[in-house]
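Engineer: Please find the sequence and the predicted model below.
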Amino acid sequence: MRVQNNTLYLEGDFLKNDIPRLESAIFAQIKGKQIKTIDLGGISRIDSAGVALLDELHQKLAATIGILFFKSASLEVQAVIDTFTTLSLKDFGSKRRVGFYETLGEMLLSGIQQFWQTLILASEIFYYSLVGLVNRRKQRKGSLTQQMLLLGFDALPIVGLLSFIIGFIIALQSAALLRDFGANVFIADLMSVSIVRELSPLITAIIVAGRSGSAIASEIATMQVTEELDALKMMALNPIRYVVVPKFHAITIVMPILIVFSILIGMIGGGIIAMGYLKLSIEVFYARSINILSVKDLLISFGKSIWFAWVIVIIGSHFGFQVKGGAEGVGKATTQAVVSSIFAVIIFDAIFSLLYL
Amino acid sequence: MKQEPIIEITDMVAKYGERTVLDGISVNIYPGEITVILGGSGCGKTTLLKNMLRLYEPHSGSVKFCGTEILSMGEREFDEVLKQVGMLFQNGALLNSISVYDNVSIPLEQHTRLSRAIRDRIIRVKLHLVGLSEAIYKFPSELSGGMKKRAALARAMALDPMILFCDEPSAGLDPITSEALDELILSLKRQLGMTIVIVTHELASIHRIADKIIFLDDGKMLFNGTLAEAEKAAIPQIDHFFAVGRF
């Protein structure tokens, strides 16, 4: 490579592995020189990276001197240049940068839109669920039982295990403090109120949101991307009625059962500490646990559990129906469904706690 | 003087479990030629393509790339071979989580030390060549099937590979897009001397671009030669293929 009489003479191979070296060498060579012509006669081989370098060179030099000429390219080299040159390409601009406030505004609008769509979906689910109670046509036979097994029975082991561990830990943490004050007997009251009113509904809802909410979202999202939902529509079947309503009915039935199961196992976990560590008799533990509870406590617990169940199905279905794209979209919808369901469950739990203190 | 083959396959046997899918295939692919692999559905075309590239491990046989055996190569050595190879998969196989621009950028970013400005020009021109200049920042989920395929072709061409493999490039495309794609493949051959291996069913496409055809039937190679030779060979399966137009 050399510069002579305002002409840059290029030589050798202009292939992708040579370009990083050539790029810095050429720009160093022409620095401060007036180049009007580039002679390509010495180029033996060139590829798209080589052409990109020539285009880059052309753009930079032409910007300073006005017009730049390429000359003497062999036929083969010229053919490659003609194929890969970017000089004649229409400029479609660079990727538009989105500012902070625009992002914030978009998020807000998207949030409002999502909320509105969820409300519409919820109304449809409630409507078809009521219709489905009296008219079970347009739902798959056996789907209610299948969903009850899937959403309820299959969740028993994990709900039981976590409820036991949480009951055990809460009792253990409280026991030492209660013993210092000689208030051993109150462990039963504490366990009963906290597990029945708060922990069992919340923990069970979080487990169901993670387990069943994700399953609902991914099932519907997969059906959406594989056009199964469109196929149902074309068979004059409403996807909400056919796919969502059996899940809605099933979870409404199994959630209170899961809560009762969780309460029993949680109390057993606490009872082990009460009897083993605080030396309470089983009769005292049982009697105090029952006496401290009112009907209102149980109603709140079951009411919450059913509400949480509905929230999980509605949010899971919403993200399932909203999915765009392929496998990537299904994954995103599932994650969003789980995160949103857990968030919504905790928010509604806080509202319940404030309303029914 | 006879040219050395760029790919030399000898006695390739491929199996799925106990089922033999390719039975003793021996074929040479020469530089600068467009070789079309033909045959009915399930005859082993895609399997042959994937076994050549070690995407599946053949049961036995040998595959040489520029005279070097690739089946026994170490991973690093084989990576160097792969850098000289482009592959267009049947459904495009674009990464869905990134834009078309970023998909084409992957091989350039990972396998070259080119500056950002040069990479940007290469990406833009490759997408322009496949007619996707206006979809450059779109995500694969926003593209039609044909656009996905063209974007995938741009990605396969990103490094100006020595050899380009295309698995059913025209499938699912309208005749005009299909013809444009064939023209692009022909220009890659003419202007860059690229070697191209294509699996296809499209008769129109075969007539437009094929230098050589390899005809497979039930895992066996029935014919290897030019299209004109194939039409004169009086092999019933091939005659039937060309008569019906599509298996």
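Structural biologist: Sure, I can see it.
Engineer: Please compute how far stretch A:291-306 lies from its chain's middle.
Structural biologist: Centre-to-centre, stretch A:291-306 and its host chain are 32 Å apart (CA atoms, centre = their mean, to the nearest Å).
Engineer: I would like the residues contacting it, please.
Structural biologist: Contact with stretch A:291-306 is made by A:188-189, A:192-193, A:196-197, A:200-201, A:204-205, A:252, A:255-256, A:258-259, A:263, A:348-349, A:352, A:356, as judged by CB atoms under 8 Å, 6 or more residues apart in numbering or on different chains. C-beta: built from backbone N, CA, C; applies to glycine.
Engineer: Restrict these to the buried ones and give me that as a ChimeraX selection.
Structural biologist: To isolate the buried ones among these in ChimeraX, judged by 16 or more other CB atoms under 10 Å in any protein chain shown, type:
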select /A:188,192,193,196,197,200,201,204,205,252,255,256,258,259,263,348,349,352
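Engineer: Nearest the middle, which residue of chain B would you pick?
Structural biologist: residue B:165 (1.7 Å; CA atoms, centre = their mean).
Engineer: hmm, the helix or strand where that residue lies touching chain A?
Structural biologist: Element membership for residue B:165 (DSSP states H and E) is strand B:163-167. No - counting by CB under 8 Å from any CB of the partner chain, chain A is not contacted by strand B:163-167; separation bottoms out at 13.4 Å.
Engineer: Need the pLDDT of the residue of chain B found nearest chain A.
Structural biologist: Using CB to the nearest CB, the closest approach of chain B to chain A is made by residue B:141 at 3.1 Å. Predicted confidence (pLDDT) for residue B:141: 83.
Engineer: so it touches residue B:96, yeah?
Structural biologist: Yes - applying CB atoms under 8 Å, one finds residue B:141 in contact with residue B:96, separated by 6.0 Å.
Engineer: what do these two both touch?
Structural biologist: In contact with both residue B:141 and residue B:96: A:325, A:326, A:328, A:329, using CB under 8 Å, 6+ apart.
Engineer: Switch these over to CSV; also include distance to chain B, neighbour count and pLDDT.
Structural biologist: Shown next, in CSV, are the shared contacts of residue B:141 and residue B:96 (distance: CB to the nearest CB, whole Å; neighbours: other CB atoms under 10 Å in any protein chain shown; pLDDT from 0 to 100):
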residue, distance to chain B, neighbour count, pLDDT
A:325, 3, 18, 71
A:326, 6, 16, 74
A:328, 4, 18, 77
A:329, 7, 20, 84
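Engineer: Nearest to residue B:49 among these?
Structural biologist: residue A:326 (23.1 Å; CB to CB).
Engineer: That closest one contacts residue B:95, doesn't it?
Structural biologist: No - taking contacts as CB under 8 Å, residue A:326 lies outside contact range of residue B:95: 10.9 Å.
Engineer: Can you give me the neighbour number for residue B:219?
Structural biologist: Neighbourhood size, residue B:219 [other CB atoms under 10 Å in any protein chain shown]: 21.
Engineer: For it, give me its contacts.
Structural biologist: The contact partners of residue B:219, by CB under 8 Å, 6+ apart, come to B:14, B:20, B:21, B:22, B:23, B:43, B:44.
Engineer: Type out the PyMOL command that picks the buried ones from these.
Structural biologist: Selecting only the buried entries of the contacts of residue B:219 in PyMOL, with 16+ other CB under 10 Å as the criterion:
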select buried, chain B and resi 14+20+21+22+23+43+44
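Engineer: Mind checking which of the contacts of residue B:219 are in strands?
Structural biologist: Judged by DSSP state E, strands contain the following of the contacts of residue B:219: B:14, B:20, B:21, B:22, B:23.
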